[in-house]
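Chemist: fold the following, please.
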Amino acid sequence: MFTERDSEQISRHGLTVEKVERQIENFRRGFPSLRVVAAASPGDGITVLSPERLAGAERRYDAMRDSLSVVKFVPASGAATRMFKELFEFVNDGKRGKGIDQLVENIDKFAFYDELRGCVKDFSDDRAVVSAIIGEGLGYGSTPKGLVTFHRYPDGCRKAVEEHLVEGAQYAASNGVSRLHFTVSPEHMEAFRRLLAERVPRYEERFGIRYDISFSVQRPSTDTIAVNPDNTPFRTDSGELLFRPAGHGALLENLDDIDADIIFIKNIDNVTTDARRGDTVTFKKALAGLLVELQERTFGYLRAIREGRADLSEVARFVENELCVKLGGAKVDAELLERILDRPVRVCGMVRNEGEPGGGPFWVANPDGTQTLQIAESSQISADDMHLMKSATHFNPVDLVCGVRRFDGTKFALGGFSDPETGFISSKSSGGRELRAQELPGLWNGAMAYWNTIFVDVPITTFSPVKVVQDLLRPQHQ
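Modeler: Residues are numbered from 1 along each chain as shown. This next block holds a predicted model:
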């Protein structure tokens, strides 16, 4: 299947021929659907915090924060192409819909309007205005979301990445230091560095802290080969194999490199303004407080099991009631309970379903007879089980707090807790030719399939994504 030249290209990419052949086999046989049992719901997989428990969890985290190493992990690799898709269609094809009308009629309400005025002379020419946003001018069509101007304040405007600096100071600072890690694409690394070098000092002065900011890139060795519709390797016009980034699941290796007690994960575009951030800060702290509490109890039970002094019935109740693992069909013994307890843990905010796109929280059956909680996308669910997705009361806003240390303080090797059978296959194109692409198990989907997972109901006010540019006109961004 592969020539000597192909093998050299594969090796340069950090891959092996055997790994690429397994990827092609995945295309041929497809990925199995998840064994979804039911949608998680309040009282059955989704915890609804009382005001007292919310306040208590927040206090616990605040009291312990300076004794913990904390990192805020922000996937920021993607360009804002989808955000400006409708603008490209208008400029390139003359296709004009309601979104373009909304954009030009409210152009002065966008935080980037002041920048736009510097490169547009005639605001009566709609095409020129839109072209300046995505092309020569602001260049947002090839800019990552993190570097797009989102919000306007009396003292100036902020890019999306700056709002993460503010959040980092408010809930992810420990001992006067806020550590943030951004995954970015190599071509945008320097632009991020330049902006942050300019802006960080003002936020350090404002919050009286120091920022420790690091970056990483998605590794070429996590890319996947593209194939033709008949599942043969797709080749470029020059005859080379085509490799594509394998989605956010490829960032598991980047996450695995983070050394911290608490890791917050949040998407680059899910930010709001200072005036509306109160719930976000409160619930982020509370999720971390719950995580710390669960870890302490988990570690205690693990030690008891290993020292032979555990009350296994008590441990089983903790596993079912607090770690949300249903043991019904499993053989419950010390070995099973120890295996369940000795896993990375994540506490995930879940938002009430109000029609926003996104995966959802589900109970999934495992080969050992247990049922655990997972975040599942519609593409992972079979047609026979799709009614379960439609019945879901909540969806995933990507609001995670993660604990990646074992009870002895060493780090888990996160790759050992992913499910390689939960990848995605999609139809794409390159140079006008159709191809099939493969994504690795999503970072908060299959890549964390075998983590202990706790879902917590969080208010919609904590979720303010910007999927299309017109979303910046929503109240949470004005």
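
Chemist: could you pull out the strands in the stretch 1-150 of the chain for me?
Modeler: 36-39, 41-42, 45-47, 70-75, 149-153 (DSSP state E, counting those that start in this stretch).

Chemist: ditto for the stretch 301-450 of the chain
Modeler: 345-352, 360-365, 371-376, 394-395, 399-403, 424-430, 433-439.

Chemist: not counting the first one itself, show me its contacts.
Modeler: Put plainly, it is strand 345-352. By Cβ atoms under 8 Å, 6 or more residues apart in numbering, the surrounding residues in contact with strand 345-352 are 40, 46, 283, 287-288, 290-291, 294-295, 298, 323, 361, 375, 393-397, 399-403, 444, 448, 451-460, 462-463. Glycine gets a C-beta too; all of them are placed from N, C-alpha and C.

Chemist: from those, list just the buried residues.
Modeler: Listed as buried from the contacts of strand 345-352 are 40, 46, 283, 287-288, 290-291, 294-295, 298, 323, 361, 375, 394-397, 399-403, 444, 448, 451-458, 462-463; burial here means 16 or more other Cβ atoms under 10 Å.

Chemist: quick one: end-to-end length of stretch 465-478, please.
Modeler: 13 Å (Cα to Cα, to the nearest Å).

Chemist: residues in contact with that stretch?
Modeler: So stretch 465-478 is contacted by 82-87, 99, 102-103, 106, 109-111, 133, 140, 145, 150-151, 160, 267, 269-270, 272-273, 276, 356-357, 397, 461, 464 (Cβ under 8 Å, 6+ apart).

Chemist: again, only using 6 Å
Modeler: 83-84, 99, 102, 106, 109-110, 269-270, 272, 276, 464 (Cβ atoms under 6 Å, 6 or more residues apart in numbering).

Chemist: residue 192 is nearest to which of the strands of the stretch 301-450 of the chain?
Modeler: Closest to residue 192 of the strands of the stretch 301-450 of the chain is strand 399-403 (Cβ to Cβ; 22.2 Å).

Chemist: what is the mean pLDDT for that closest one?
Modeler: On average, the pLDDT along strand 399-403 is 97.

Chemist: please name every helix or strand in contact with that strand.
Modeler: Here strand 399-403 touches strand 262-266, helix 278-306, strand 345-352, going by 3 or more Cβ pairs under 6 Å, 6 or more residues apart in numbering; DSSP states H and E.

Chemist: quick check: angle from that strand to helix 278-306?
Modeler: 30 degrees (axes from the mean of the first three to the mean of the last three Cα atoms, to 10 degrees).

Chemist: direction included, what does strand 399-403 pair up with?
Modeler: strand 262-266 (antiparallel), strand 345-352 (antiparallel) (DSSP bridges).

Chemist: restricting to C-alpha, output that strand in CSV.
Modeler: What follows is strand 399-403, C-alpha atoms only, in CSV (Å, rounded to 0.1, in the frame of the first residue of the first chain):
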residue,chain,number,x,y,z
ASP,A,399,-16.6,23.3,31.7
LEU,A,400,-14.2,20.8,33.4
VAL,A,401,-12.1,20.7,36.5
CYS,A,402,-9.7,17.8,36.5
GLY,A,403,-7.6,15.9,39.0
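
Chemist: mind checking how far it is from the chain centre?
Modeler: 10 Å (Cα atoms, centre = their mean, to the nearest Å).

Chemist: mind listing residues that contact it?
Modeler: So strand 399-403 is contacted by 263-265, 287-288, 291, 295, 345-349 (Cβ under 6 Å, 6+ apart).

Chemist: and the strands of the stretch 1-150 of the chain: which comes nearest residue 176?
Modeler: Here strand 70-75 is closest among the strands of the stretch 1-150 of the chain (Cβ to Cβ), at 11.8 Å.

Chemist: average pLDDT for that closest one?
Modeler: So the average pLDDT for strand 70-75 ends up being 97.

Chemist: check stretch 260-279 too.
Modeler: Across stretch 260-279, the average pLDDT comes to 96.

Chemist: that one: which residues count as buried?
Modeler: Result for stretch 260-279 [16+ other Cβ under 10 Å]: buried residues 260-273, 276-277.

Chemist: what's the end-to-end length of that stretch?
Modeler: 24 Å.

Chemist: who touches it?
Modeler: Counting by Cβ under 6 Å, 6+ apart, residues outside stretch 260-279 touching it are 68-74, 76, 145-146, 151, 160, 163, 172, 288, 398, 400-402, 459, 461-462, 464-466, 476.

Chemist: same question for stretch 408-419.
Modeler: By Cβ under 6 Å, 6+ apart, stretch 408-419 touches 252, 256, 344, 404-405, 441, 446-447, 449-451.

Chemist: just the buried positions in it, please.
Modeler: Within stretch 408-419, the residues scored as buried using 16+ other Cβ under 10 Å are 412, 414, 417-419.

Chemist: kindly report the same for stretch 100-113.
Modeler: 100, 103-104, 107, 110-113.

Chemist: out of these, which one sits closest to residue 94?
Modeler: Out of the buried residues of stretch 100-113, the member with the shortest distance to residue 94 (by Cβ to Cβ) is residue 100, at 10.4 Å.

Chemist: verify the contact between the closest one and residue 90 for me.
Modeler: Yes - at 5.0 Å, residue 100 counts as touching residue 90 under the criterion of Cβ atoms under 6 Å.

Chemist: distance check, residue 320 against residue 330.
Modeler: 11 Å (Cβ to Cβ, to the nearest Å).

Chemist: what residue ranges in the stretch 101-250 of the chain score low on pLDDT?
Modeler: The stretch 101-250 of the chain contains no residues with pLDDT under 70.

Chemist: which stretches in it count as helices?
Modeler: 113-117, 126-134, 160-171, 189-207 (DSSP state H, counting those that start in this stretch).

Chemist: residue 432: which of those is closest?
Modeler: Using Cβ to Cβ, the nearest of the helices of the stretch 101-250 of the chain to residue 432 is helix 126-134, at 20.8 Å.

Chemist: quick one: buried residues of that closest one?
Modeler: Within helix 126-134, judged by 16+ other Cβ under 10 Å, the buried ones are 126, 129-134.

Chemist: poorly predicted segments of the stretch 351-478 of the chain, please.
Modeler: In the stretch 351-478 of the chain, residues with pLDDT under 70: 355-358.

Chemist: hmm, 90 instead?
Modeler: Counting by pLDDT under 90, the ranges of the stretch 351-478 of the chain that qualify are 353-359, 376-392, 420-424, 426-433, 439-442.

Chemist: show me what residue 72 is bridged to.
Modeler: Going by DSSP bridges, residue 72 forms beta bridges with residue 180, residue 264.

Chemist: ok, it to residue 462 distance?
Modeler: Counting by Cβ to Cβ, the gap from residue 72 to residue 462 is 15 Å.

Chemist: likewise for residue 106?
Modeler: 25 Å.

Chemist: do the same with residue 175
Modeler: 26 Å.

Chemist: and what of residue 472?
Modeler: 18 Å.

Chemist: what's the answer for residue 62, then?
Modeler: Per Cβ to Cβ, residue 62 is found 18 Å from residue 462.

Chemist: residue 58 now?
Modeler: Taking Cβ to Cβ, one finds residue 58 at 14 Å from residue 462.

Chemist: what of residue 181?
Modeler: Taking Cβ to Cβ as the measure, residue 181 falls 21 Å from residue 462.

Chemist: tell me what the closest residue to residue 147 other than its chain neighbours is bridged to.
Modeler: For residue 147, ignoring the flanking residues on the chain, the nearest one in space by Cβ to Cβ, 6 or more residues apart in numbering is residue 159 at 5.5 Å. With DSSP bridges as the criterion, residue 159 is bridged to residue 149.
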